[in-house]
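A.B. asks: only the shape, not the letters, is given here:
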DNA sequence: CGTTAGCCATACATAAATGTATGGCTGATC
DNA sequence: GATCAGCCATACATTTATGTATGGCTAACG
């Protein structure tokens, strides 16, 4: 049983996996090609197995190497998390804070809030991770999350912001041309902008939808919420979007407000260890107040 | 933004956190004290914060260092997982397989099975992690788990072994002295060996218990299942243990079998990626057949 | 109060890892 | 088919990291 293996080697290993060649990995890692080559050789010797077959134009990973990839990726993630955690540890509001949110919120709502935050704290840096899949706050894939459900785990500091209402909307001129439905059944005659049944939230919400607004009727469909929003704004038809978002755009009109209304609980969440971190705390507070204002503008 | 930090430094960092001094960490890591000292200094410089206050008799971690501890621990765990994964990748049944199980199963049932396995494959090494808290198979804290519940996650290969029955038992001579109860109410007059209400399984099972066998009646209590078992074997009173375990010991007699019977579903589980790993596969099969035999001896 | 055992810091020597330079190889492009 | 751009492997120089040796310090113990 040889001794433990230097963690640096794993880093080179991951580099080669990602980049596909010693040279490219070396460039990415800021070292030279022979160094990476030696690292891989050392690993292969330690493990007693071939990780890459040297071929022209690069190295291609063996099955064994692929099976180790996830572990290496996780090491990289953890190393990044550690480094960020350290950067946020000092005094003063400086460092990098990673914020995760849905695409729509990230594109439409957060920029204003974060810009204001950056204005108050010039030494603060922000990273946005936009994804509908919740990031793992416990392992610090992100520091702060804007989420549409009550967080389950303890160890998380969570603040409930309120409810974002989702409703059907269309552009004014679209409705003028096609008529504005005042009964759900009339939706059949309209161009409906739909969603793919992906997130848990949608699956739940789908049961509460009024008849007439179901998947088979969709004329335009997109898996991206942003694309749906863009289609609504372009006057392509009737679709669902957040009410406070639509009310910013004077051309957008709400459709069937009594029949179609989905409230989404909104939470801002972070790891409890970050309460004492000045930059995270500042970002957390800014997000909470900013989103509150988004929900209920004065 | 300084460059990324060498992963080796994190290893030294964790070493100092664990050992409490540069010298001790150096011994543990197989390097020298000045080296570790330089690593810590390098980290502190990179982060721009003090991780340890140098005091007589060692370094004591600052709050900042403590907040980074979990990340460092996780890096170590992942590195270990990667190394094990690599060791199991080669051809032939060799390498290290980590098996996790409850304490009772690990002490009473597995040794025979694993000894046989080792006999068949001398190059195979086994690590036992005994804990009632389930280990994380996805992150490979263990390779194979013996569990008392159906695994939730996909990505896991699971085989249902059957049901282990838990019943009340006591030693023959104890019952001869104190009489053998044939009604639950009579338990009141006996020395009951009890458990602390810790695991989920017990909390659920507690509801199904017959009257008379509840926490207030316990004369002897232990948080360790092994200690309870030892007390039953020592003839200290009546307690719960696995039926196939008790039936090995001729002196042990089952008590109130009609009134008290808890079946525990038993599963052997591993990560699906390990299906192609010869050592894991061998261990998985051996555990499955071995446990099956434990449940229903011919 | 001296002695011991533990610790950290420093200076210097040594070993190890990295970088530089080069050659040979392949496939693409003109 | 010649040129070029990309890659890996090797030999050699250099930097970097590590180990060795030592001194100073503090707490515990006789």
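C.D. replies: It's in. Not measured: the values here are computed from a predicted model.

A.B. asks: residue A:279: what's it in contact with?
C.D. replies: For residue A:279, the contacting residues are A:88, A:93-97, A:121, A:124, taking CB atoms under 8 Å, 6 or more residues apart in numbering or on different chains as the criterion. Glycine gets a C-beta too; all of them are placed from N, C-alpha and C.

A.B. asks: and the stretch 101-250 of chain A, which residues reach chain B?
C.D. replies: Residues of the stretch 101-250 of chain A found near chain B (CB under 8 Å from any CB of the partner chain) are A:139-140.

A.B. asks: what ranges does the stretch 101-250 of chain A have for its strands?
C.D. replies: Counting by DSSP state E, counting those that start in this stretch, the stretch 101-250 of chain A has these strands, from start to end: A:124-130, A:144-147, A:156-171, A:192-195, A:218-222, A:238-242.

A.B. asks: relative to residue B:104, which of these is closest?
C.D. replies: Nearest of these to residue B:104, taken as CB to CB: strand A:156-171 at 34.1 Å.

A.B. asks: tell me the mean pLDDT for the closest one?
C.D. replies: Regarding strand A:156-171, the rounded mean pLDDT is 92.

A.B. asks: strands paired with that strand, and their directions?
C.D. replies: Neighbouring strands of strand A:156-171 in its sheet, by DSSP bridges, are strand A:238-242 (antiparallel), strand A:252-255 (antiparallel), strand A:262-271 (antiparallel).

A.B. asks: regarding chain A, what is its longest helix?
C.D. replies: helix A:63-87 (DSSP state H).

A.B. asks: tell me which residues of that helix are tucked away?
C.D. replies: Of the residues in helix A:63-87, those scored as buried under the neighbour-count criterion (16 or more other CB atoms under 10 Å in any protein chain shown) are A:64-65, A:67-68, A:70-72, A:74-87.

A.B. asks: also stretch A:24-36?
C.D. replies: Judged by neighbour count (16+ other CB under 10 Å), stretch A:24-36 contains these buried residues: A:24-26, A:29, A:31, A:36.

A.B. asks: tally of neighbours for residue A:58?
C.D. replies: Around residue A:58 sit 16 other residues, with neighbours defined as other CB atoms under 10 Å in any protein chain shown.

A.B. asks: ok, now how distant is the closest residue in space to it that isn't next to it in sequence from DNA strand D?
C.D. replies: Using CB to CB, 6 or more residues apart in numbering or on different chains and skipping residues adjacent in sequence, the residue nearest residue A:58 is residue A:21, 3.6 Å away. In this structure, residue A:21 lies at 3 Å from DNA strand D, with CB to the nearest atom of the strand, to the nearest Å as the measure.

A.B. asks: go on, residue A:189?
C.D. replies: Here the distance between residue A:189 and DNA strand D works out to 57 Å (CB to the nearest atom of the strand).

A.B. asks: what does residue A:249 give?
C.D. replies: The span separating residue A:249 from DNA strand D equals 46 Å under the rule CB to the nearest atom of the strand.

A.B. asks: dump the strands paired with strand A:156-171 to JSON lines, plus mean pLDDT, distance to residue B:110 and mean neighbour count.
C.D. replies: Written out in JSON lines, the entries for these read as follows (pLDDT from 0 to 100; distance: least, CB to CB, whole Å; neighbours: other CB atoms under 10 Å in any protein chain shown):
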{"stretch": "strand A:238-242", "mean pLDDT": "90", "distance to residue B:110": "55", "mean neighbour count": "25"}
{"stretch": "strand A:252-255", "mean pLDDT": "94", "distance to residue B:110": "64", "mean neighbour count": "20"}
{"stretch": "strand A:262-271", "mean pLDDT": "91", "distance to residue B:110": "37", "mean neighbour count": "20"}
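
A.B. asks: ok, which of the ones you listed comes nearest residue A:182?
C.D. replies: Shortest distance between residue A:182 and the strands paired with strand A:156-171, using CB to CB, is found for strand A:252-255: 8.9 Å.

A.B. asks: residue B:190: which of the strands paired with strand A:156-171 is closest?
C.D. replies: strand A:262-271 (49.1 Å).

A.B. asks: just the angle between the closest one and helix B:63-87, please?
C.D. replies: Using axes from the mean of the first three to the mean of the last three CA atoms, to 10 degrees, one finds that strand A:262-271 and helix B:63-87 are set 100 degrees apart in direction.

A.B. asks: what's the first helix or strand after strand A:262-271?
C.D. replies: Scanning forward in sequence from strand A:262-271, with DSSP states H and E defining helices and strands, the next element found is helix A:278-295.

A.B. asks: got the confidence number for whichever residue of the stretch 151-298 of chain A sits closest to chain B?
C.D. replies: Across the stretch 151-298 of chain A, the shortest distance to chain B (CB to the nearest CB) belongs to residue A:273, at 5.5 Å. In this model, residue A:273 is scored at 84, pLDDT.

A.B. asks: ok, residue A:229 next?
C.D. replies: Per-residue confidence (pLDDT) for residue A:229: 89.

A.B. asks: what sits against it?
C.D. replies: By CB under 8 Å, 6+ apart, the contact set of residue A:229 is A:104, A:108, A:239, A:241, A:245.

A.B. asks: equivalent analysis for residue A:255, please.
C.D. replies: The contact partners of residue A:255, by CB under 8 Å, 6+ apart, come to A:167-170, A:175, A:180-181, A:238.
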